[in-house]
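Participant: below: sequence and its predicted model.
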Amino acid sequence: MKVFPFKIPKSGEDPLIYQEDREIVFYDKLHQHEEIQISFIEKGEGAVFAGDTISHYREGDVLVIGSNLPHVFRSEVHENEPSIMLTLFFTTNSFGKDFFALTTFKNIHPFLESSKNGFIIHNAPKKITKSFKKLKKADNYERFLLFLGIIKWLSNNDKELLSNHLYDKKITDNEGKRMQTVFEHVMTNFQKNINLDEIASIANMTKNAFCRYFKVRTNKSFFQFLIEVRIEHASKLLANNSELSVLEIAELCGFNNISNFNRKFKELKQKSPLQYRKLNL
């Protein structure tokens, strides 16, 4: 299967596609698709790369991934327990090109606009989780009504954007494979020292060419991306491992200087590591 683009499997002419993923790991290749994706995490946790940002997801979260937004899931494996994700796919033209332009749907325009960057809402309320769980057995009409209720809720809630950079074009297969290789290397080795010679060699490029290539496609430098991966992992450890000190967590995440770790953590999370731990433990 090519990494770019990814075709959503369709049955017949149904404009609204429902998919249930029940896997040890979710699809772990960098990909993009025309459809807007609304996913409920029924079970499991992990990280999602979307556009230029890495975010952590967990059970009960709802993720929205915009049309052609490059993304890849990185599931955490717990004793071969499957992760479960319930998803709706649709395009803005699925129900007719003027459907969402009707004044009836003006209240969901914030959802459509935010979906371009992708976003996540943590801890969906019970009413919404029930709506997602009803999708599987619903007929097309019932599924459409559930969909309208879900996107209305998504329009009216605070969101955490998944990407700061908009993507409005398809990426070639070769580009996708190269970025996938870089992401996999970072996720496997972020605890270690990764220098520019090493990552450029993995991408099969010169250092200067790689720096330009990565910046154009993610809107940030490679080392800024690496820091964000490390801080995202650190935030998870702070929230779930009270027995580990801040210094130990910094070292486990690839920082060899506690002052630098504290500074970078506060830049990205707007809180010190200790403040973050107190709020999330």
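Facilitator: Structure's in. What do you need? Numbering: from 1, shown residues only.
Participant: what about residue 21, neighbour count?
Facilitator: For residue 21, the neighbour count with other CB atoms under 10 Å is 19. C-betas here are computed from N, CA, C, even on glycine.
Participant: residue numbering should commence at 674 henceforth.
Facilitator: All set: I'll call the first residue 674, so the last point we hit is now residue 694.
Participant: buried ones in the longest helix along the chain?
Facilitator: In the chain, assigned by DSSP state H, the helix with the most residues is helix 895-913. Residues of helix 895-913 classed as buried by neighbour count (16 or more other CB atoms under 10 Å): 895, 898-911.
Participant: likewise for stretch 817-837?
Facilitator: Within stretch 817-837, the residues that count as buried by 16+ other CB under 10 Å are 817, 819-820, 823-824, 826-828, 832, 835-836.
Participant: I'd like to know which elements the lowest-mean-pLDDT helix or strand in the chain is packed against.
Facilitator: Taking mean pLDDT, DSSP states H and E as the measure, the helix or strand of the chain with the lowest value is helix 846-862, at a mean of 86. Counting contacts by 3 or more CB pairs under 8 Å, 6 or more residues apart in numbering; DSSP states H and E, helix 846-862 packs against strand 744-748, helix 869-875, helix 880-891, helix 895-913.
Participant: what's it in contact with?
Facilitator: The contact list for helix 846-862 (CB atoms under 8 Å, 6 or more residues apart in numbering) reads 675-677, 702-704, 720, 722, 743, 745, 747, 844, 867, 872, 875-877, 886-887, 890, 895, 898-899, 902.
Participant: residue 861 versus residue 791, what's the distance?
Facilitator: With distances taken as CB to CB, to the nearest Å, residue 791 is found 24 Å from residue 861.
Participant: actually residue 945, not the one I wrote
Facilitator: Distance from residue 945 to residue 861, by CB to CB: 28 Å.
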